[in-house]
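Undergrad: Turn this into a model:
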Amino acid sequence: MAFISETKSGKWRAEICVNYKRKVKTFPAKHEADTWAEFNERQLSESNSLRIEMTRRLLKASSALDILKSRVINPNVPGVYILMENDIVCYVGKSTNMLTRLASHSTKGRRFTHFITIPEPDVSKLDELERYYIEMLQPLENRDIIKPIIRR
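TA: Purely as a prediction, here's the structure:
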């Protein structure tokens, strides 16, 4: 839900909160605050809807292959992609433009018969999502690069 309020200095403060994710920004005009709030609220809601749908499919799926086959293919956005040869997961990667990245894999000789994409509009979450799918699917060509995350 968005909250728009006028500050003491006459500017307009927009605040949105969707599923505990909060954003705040100040604008010189009320219509700018309204536009920003509407856009960002919709973006946060769509990102959350994708996570909910992904979790729902994970719970219903009986195997990793079922999970992959249930994903929506949309290669022209940021996200994680999974390269497969027949029904074997060969490689998991991430890109800010999956269509371009998949084309480069194809021209550089990486063998795959088809691919699955998992869109993620928040580019800062790509590393986490890629690591999740690498650990879950254990693709043949990613096994040597799996390293634990050390948090300090």
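
Undergrad: how close does the residue nearest the centre of the chain sit to Lys94?
TA: For the chain, the residue sitting closest to the mean C-alpha position, by C-alpha atoms, centre = their mean, is Glu120 at 1.5 Å. With distances taken as C-beta to C-beta, to the nearest Å, Glu120 is found 8 Å from Lys94. Glycine gets a C-beta too; all of them are placed from N, C-alpha and C.

Undergrad: overlap in contacts of these two?
TA: Shared contacts of Glu120 and Lys94 (C-beta atoms under 8 Å, 6 or more residues apart in numbering): 79-80, 126, 129.

Undergrad: Take these and keep only those in helices.
TA: Members of the shared contacts of Glu120 and Lys94 lying in helices (criterion: DSSP state H): 126, 129.

Undergrad: Just give me the neighbour total for Lys94.
TA: When neighbours are defined as other C-beta atoms under 10 Å, Lys94 has 22 of them.

Undergrad: I should have written Ser9 there, sorry.
TA: Around Ser9 there are 7 other residues, counting by other C-beta under 10 Å.

Undergrad: From Glu15, how far out is it?
TA: In terms of C-beta to C-beta, Ser9 sits 16 Å off from Glu15.

Undergrad: residue contacts, Ala33?
TA: 4, 12-14, 25-27 are the contacts of Ala33 under C-beta under 8 Å, 6+ apart.

Undergrad: Out of those, who's the most crowded?
TA: Ala14 (23 neighbours).

Undergrad: What is the helix or strand hosting it packed up against?
TA: In this structure, Ala14 sits in strand 12-18 according to DSSP states H and E. Using 3 or more C-beta pairs under 8 Å, 6 or more residues apart in numbering; DSSP states H and E as the contact test, the elements touching strand 12-18 are strand 2-6, strand 21-27, helix 30-60.
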